[in-house]
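Undergrad: missing the sequence, but the structure's below:
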């Protein structure tokens, strides 16, 4: 997709200095930009690049006073960073909107309803009795089991798998290789030391605007639903066990695991490689530091914990700072004992 | 699948109170159940729900004395919980048995034998020279490489991948996205600081009744076999490296990693996010607490360890309890030194 | 593929004792080898197996003096281990070379160039405008998005996914289920406590001879590139976040996660289950022990750190050794206080 500098300026409500007919077709950083690129200058630390960049156009502030002439055309706006972000968003929307149609072969079961302007990639699979909204994009080799519901404007990337009976909201993004609704890890130990499968009959519900990272796995509930609420963002390689509930607008970083039936509140921030035991609850606005092991419920909103086992963040930092002096402390205690 | 209350009662050897012709088509918790559901009441803490539930039928004990009339039909049995579990299992068996036939397109190589009553989903791939048993279910987009053997009644879910030469037993379940038999991580460091691939020629053997979780990876042996023995259950996102052997009826929770050539005994319990170094052995009935790092062999049966590095579970708990008082201890030692 | 003992001897420049016409078709360990196998004897600890093995042929040293007659044919060479390794490599090359042709159905977009002697498996997907080199193997159900470049002699295993715009070098191996180029985890917190997606426009560049393990995920850069440089080997279930750069000939073990914009040097060794925070840099030849949490840059080459937070490896070992005596130390401090 190519645009002229004039078209971009019009979209942003900006003014052009230089060639309004120059064409740009990609967005790049000012220090790396090549011909045909559009870049931006927000932090004046990078101003020198403005005079040397190969970018065809640069978005700058109305306020900026040039120290010398530029090769690149300039698009003057109030806030270059905001304008650039807006362009990024427009660009993504445009890409999504252009992604339409059905590639063959793809599989669609019986009694499926699917909305307008959707994309189904080659080798994608949609089982029987699914209800799928408008402008949904199902990439190649994605799997949607029987009886699944998917809202409007949701994207399922290549090879993501959604087991039967799950419910996916509007405006969700599920990245490549993610697995939604795999049966939970439930086994009843028998008297002879073997294990018997406990059938897992529930599903997973993702509410609206949920993002699920690549190769993340979310198990279905034993009965009822494993739930991720509106606006929550989950990174790659995360594991949510059966019957977990994650609140609204919470962020969970990569490789974290949450055990069965635990409830995470709204507006929480869970860093990477955290482990949380089953059957506990974290209050709204809880923050958990990276690599923590959380073994108890957090009742007070806004608590910040870290460590394995996790406790107060600052207290943990102080304890760990002393940890490396532990051999010295032991030595001193032994010396004191001898003196007395 | 719809059933009448009378049919369910007959299956369970129970007696009906209320409409034996009411139909039910799903299993739900009594406190969440909706019309058309079958629920159960085992724990009397939930008895009040019996009088308000929208479930069409509820399984209750012969002993239960009603405090008021119920909307729902009742199915009286000896042990409501056991009866419900039995229904879950029958339901799953039925679902499995109904899953038969071949969806197209699917790929099957030359010289493949495959048993009766199997299911092969669309876009599934079976390579050359495979030997596949009866009632095997291979879901859409699953991959089975050349020369693979699969026993009877095994299920390979969507997009799971089994590399060439692996051997999968009877009654196994391999969940979506799992990778079985990827070449081990073996590289010979060269004098110039580069690495040379060590070819990995072995395979993976899963014995009978093994479950493998979603997106778990099990590498093949360098030579010989990486082995998971009968009845062992492995959760999601677990990593077993080349030449690992896991014993019978052992359970390994999510995101645990086991390094090359380590042997895990029978009836062990390995919690989540554990790391185990290579070339060690854990005795039968070893328990390893969550997030532990195990660096030494465990020789005594029934040992329970935790921590990173892992040592005796109780000793570890005591040490970690003192950890948070470490800054205070250091202060006291300094005060003592000054006093003397 | 069957070979005679004579053909193998000729390839290795060795001499035959026994039947040069015996045929072998697999490579096995001498202690496990069965009829039709070729084994080797390098460590004389295993010499007894030479006289009992069922292998059809064994590679031994010119120097070896037999204590008794052998069933197996012998191939005498200078260095049996090196000869065996060479056979392994030849075997893998041969297997790769034999893997050619296109299985159907497979999908290939418009304006794609693809080199000689390639393999494309059934249900593999190649998007529009891709440039793909010679002798590339794209296994079944692998996904290659639009505008991707792939060099010569690279293998993409079953179900691996490469998002649009990524660049993959020569002689790379990407294992099953790996995801290359998924959008980074970038969200701008809004004043109302919700998150807004930050569009991710960059790509991933893998240079030559890079190996990526099964189900590993590498996110694309926000702008610019996430880069893995020449000769670097990455194990299974690893997570590299947006804009990470990993240097040349570095090794990263399973389940490690590296946060956004961090730079790892050349010839580093990162063990398993390590977490590294964002926006830091590790010098060349840094070694990080298993399960470490790295929160600060490492400036000195050749540093070896461990722990969470990570510090000097030996100091960490000493501190952790004292950790389990912590309850005893606290008790002693309390006793000392009472005495004074």
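TA: All right, it came through fine. Worth saying up front: this structure is predicted, and the values here are computed from it rather than measured.

Undergrad: Which SSE is immediately downstream of the longest helix along chain A?
TA: For chain A, the helix reaching the highest residue count under DSSP state H is reported as helix A:80-98. Beyond helix A:80-98 in the direction of the C-terminus, DSSP states H and E gives the next helix or strand as strand A:101-102.

Undergrad: List the contacts of that next one.
TA: Strand A:101-102 is contacted by residues A:119, A:120 when judged by CB atoms under 8 Å, 6 or more residues apart in numbering or on different chains. Bear in mind the C-beta positions are built from the backbone N, C-alpha and C, glycine included.

Undergrad: ok, the helix or strand just after that strand: who's next to it in the sheet?
TA: Using DSSP H and E, the next helix or strand after strand A:101-102 towards the C-terminus is strand A:107-108. Paired with strand A:107-108 in the same sheet, following DSSP bridges, are strand A:125-126 (parallel).

Undergrad: Can you name the element that comes right after the strand it pairs with?
TA: Sequence-wise, the next helix or strand beyond strand A:125-126 is strand A:131-132, with elements assigned using DSSP H and E.

Undergrad: helices or strands up against the helix or strand of chain A with the lowest mean pLDDT?
TA: Between all helices and strands in chain A, the lowest mean by mean pLDDT, DSSP states H and E belongs to helix A:80-98, at a mean of 80. Taking 3 or more CB pairs under 8 Å, 6 or more residues apart in numbering or on different chains; DSSP states H and E as the contact definition, the neighbouring helices and strands of helix A:80-98 are helix A:5-12, strand A:26-27, strand A:37-40, strand A:57-61.

Undergrad: Is there a neighbour count for residue A:104? I'd like the number.
TA: Around residue A:104 sit 10 other residues, with neighbours defined as other CB atoms under 10 Å in any protein chain shown.

Undergrad: from what I can see it touches residue A:122, true?
TA: Yes - under the criterion of CB atoms under 8 Å, residue A:104 makes contact with residue A:122 at 6.5 Å.

Undergrad: quick revisit: mind listing what's buried in the longest helix of chain A?
TA: Taking 16 or more other CB atoms under 10 Å in any protein chain shown as the basis for neighbour counts, the residues of helix A:80-98 that come out buried are A:80, A:83, A:84, A:85, A:87, A:88, A:91.

Undergrad: Pull the distance from it to the chain's centre.
TA: With CA atoms, centre = their mean, to the nearest Å as the basis, the distance from the averaged C-alpha position of helix A:80-98 to the chain average is 18 Å.

Undergrad: Tell me which residues are up against it.
TA: Outside helix A:80-98, the residues within contact range by CB under 8 Å, 6+ apart are A:1, A:8, A:11-12, A:14, A:27, A:38, A:40-42, A:59-61, A:75, A:77, A:117, A:135, A:137, A:155, C:197-199, C:201.

Undergrad: With stretch A:46-55 instead?
TA: Outside stretch A:46-55, the residues that reach it (CB under 8 Å, 6+ apart) are A:28, A:30-31, A:33-35, A:37-39, A:41, A:58, A:60, A:64, A:66-72.

Undergrad: repeat for stretch A:18-28
TA: A:1-6, A:8-9, A:34, A:36-39, A:55-57, A:70, A:72-74, A:84, A:87-88, A:91, C:201, C:223-224.

Undergrad: Any idea how many residues pack against residue A:337?
TA: Other residues within reach of residue A:337 by the criterion other CB under 10 Å amount to 13.

Undergrad: Helix, strand, or coil at it?
TA: Each residue gets one of three states, and residue A:337 gets helix by DSSP: H, G, I helix; E, B strand; the rest coil.

Undergrad: how close does it get to residue C:35?
TA: Using CB to CB, to the nearest Å, one gets 70 Å for the distance from residue A:337 to residue C:35.

Undergrad: before we move on, what about residue A:223?
TA: Using CB to CB, which is the criterion applied here, residue A:223 is 54 Å from residue C:35.

Undergrad: now residue A:35
TA: 66 Å.

Undergrad: Likewise for residue A:195?
TA: Following CB to CB, the distance that separates residue A:195 from residue C:35 is 38 Å.
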